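# Predicted coordinates and the sequence they were generated for:
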Amino acid sequence: MRKILLGTTAVVGLALAAPAAFAQSSSLIGQGVPGGALGAGPAVQTSGLSVRLGGYFQFGAASISDSMDSGATRSNMTNGGTTYSSGANANAQSRQSTDFRNDAEINIYVDGRAANGLQYGAVLEIQMDNTVTNSGDGTTLSYDEMYGFVKGAWGELRFGQEDSAASLMQVRRPTILGVDDDWDEYLTTSYINAGVNDGNDATKIIYLSPQFNGFDFGVSYAPNRFEGEEKLNASSTTAWQRDFTNLTNEVSAAIRYRGTIGAVGITAGAVAQFADAPKLSATGQTLATKAQNLSVYSVGLQLAAHGFTVGGEYTWGTYSGVPGSTALNPNLDNSSMYGLGATYTTGPVQIGAVYMRGTQDNGGTRDDRTQDYIGVGVAYTLAPGMFLYASYNKMTDNNVPNGTVTSAGVAPVLYDNGSKTRTAEVALAGVRLAF
């Protein structure tokens, strides 16, 4: 998953880490280990299978300063070409600048071994989506990952609701914990400097190879972007998931190297993801103008020695928004993103910093959208399975498009005093308990 919106999504929010992150090298963090796999409890034997339970609970508090939150911006925001500068929105007030946030996940790991040595089982990751609906308390449960597997000396085959091979194996700039953390969960719109989209956790088939002389690779395929639990598109009561209303025939591939030269640990990789663009509208009609087929590429490198880890990533391709998430409209230039990061670990303390920049075409003669992000953070292991974290994050977003970007161009959102630049700062702190 991942955020989707994040789903998808920086180093210093410190929120989406593997429970045993401190026990491994920073250069290996975010390499596709399930969220609670390293922290799962003792196994319970049932029907010849081993069942383990893991997961985490997290609480965070944040102070937010965001130009999109101001009353002036909200009363003059445009939507689909209409400017709401009078009427109901004329007296819009600023949003609250402080917030608390919960997050939790329960992970079930089922493992078995056949007489011939074949390993098999399933992984069920139940997440609190923090989904806001017209009723309920915003703690709706859903499956983040839900897949079966078989594995042996030949590698591992996964089948079900799982990330794409490119998302699982992408090498990114080093982080304190995880990759796209939850500081952006406190904001009201998209963060584009994210990792390669996880394929919407759509139902797919994934092959992950064993390691050969430090190298391993993976491939995956999904017929569409839906989870395969019913025949209907999850966002519609009329469109079927087999209608060509979203990305189809998604293929991803990744290759990675992990090894050492002397005292220096090296992690390097390259990934690619491809999909056909939507052919039909939400009502099943042929689109007058079809978007470009999606393609996204990313390379990354991390070097680790003496407690330090440094590295970076570069991503580019024909996509819009989060890399690999949305097809790019015709006659628009490719999108790109790069990031640099560094961490240092000493005893129970880990500190880090990251800088990222993403660029996307706004069409016509409009200036490109450019999003810059910088963050610094610290984490402290307070007790086994429990750590505290704090971070400061700043995002500057220039020329954010208002509406769908076409080759004719789209006007940017206007913020305070007619500025085309959104600035957002998030200072957050919290605690996470992994079990």
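Structure's in. What do you need?
# Please report the distance of the closest residue in space to residue 306 that isn't next to it in sequence from residue 174.
Distances taken as C-beta to C-beta, 6 or more residues apart in numbering place residue 263 nearest to residue 306, at 7.1 Å, with adjacent residues excluded. Yep, even glycine has a C-beta here, placed from its N, CA and C like the rest. Look at residue 263 and residue 174: by C-beta to C-beta, to the nearest Å, they are 17 Å apart.
# Tell me which of the two has more neighbours.
Comparing residue 263 with residue 174 by neighbour count (other C-beta atoms under 10 Å), the higher total belongs to residue 174, at 33 against 8.
# Not counting sequence-adjacent ones, nearest residue to the more buried one?
residue 309 (4.2 Å).
# what bridges to the one you found?
Beta-bridge pairing for residue 309 (DSSP bridges): residue 304, residue 343.
# So, low pLDDT: which residues of the stretch 101-250 of the chain?
129-138, 177-181 (pLDDT under 70).
# ok, 80 please
Counting by pLDDT under 80, the stretch 101-250 of the chain contains low-confidence ranges at 129-140, 177-182, 189-190, 199-200, 228-230, 233-238.
# how about the helices of it, start to end?
165-169 (DSSP state H, counting those that start in this stretch).
# you'd agree residue 298 is up against residue 170?
Yes - at 5.7 Å, residue 298 counts as touching residue 170 under the criterion of C-beta atoms under 8 Å.
# Of those two, which one has the most company?
Neighbour totals were compared for residue 298 and residue 170, and residue 170 leads with 29 against 25 (other C-beta under 10 Å).
# Burial check on residue 327, number of neighbours?
21.
# Hmm, residue 70 and residue 188 touching each other?
No - between residue 188 and residue 70 there is no contact under C-beta under 8 Å: 11.7 Å.
# who has more neighbours, those two?
Legend: neighbour count by other C-beta under 10 Å for residue 188 and residue 70, higher for residue 70 (17 against 13).
# Just confirm the more buried one contacts residue 414, I think it does.
No - the pair residue 70 / residue 414 is not scored as a contact, 11.6 Å apart, by C-beta under 8 Å.
# How much space separates the residue lying farthest from the centre of the chain from residue 195?
The C-alpha centroid of the chain is most remote from residue 115, which lies 38.6 Å away (C-alpha atoms, centre = their mean). In this structure, residue 115 and residue 195 are 40 Å apart, going by C-beta to C-beta.
# Overlap of the contact sets of residue 298 and residue 170?
Shared contacts of residue 298 and residue 170 (C-beta atoms under 8 Å, 6 or more residues apart in numbering): 195-196, 271, 313.
# any chance you could map the strands in the stretch 301-435 of the chain?
308-318, 335-346, 349-360, 369-383, 386-398, 421-434 (DSSP state E, counting those that start in this stretch).
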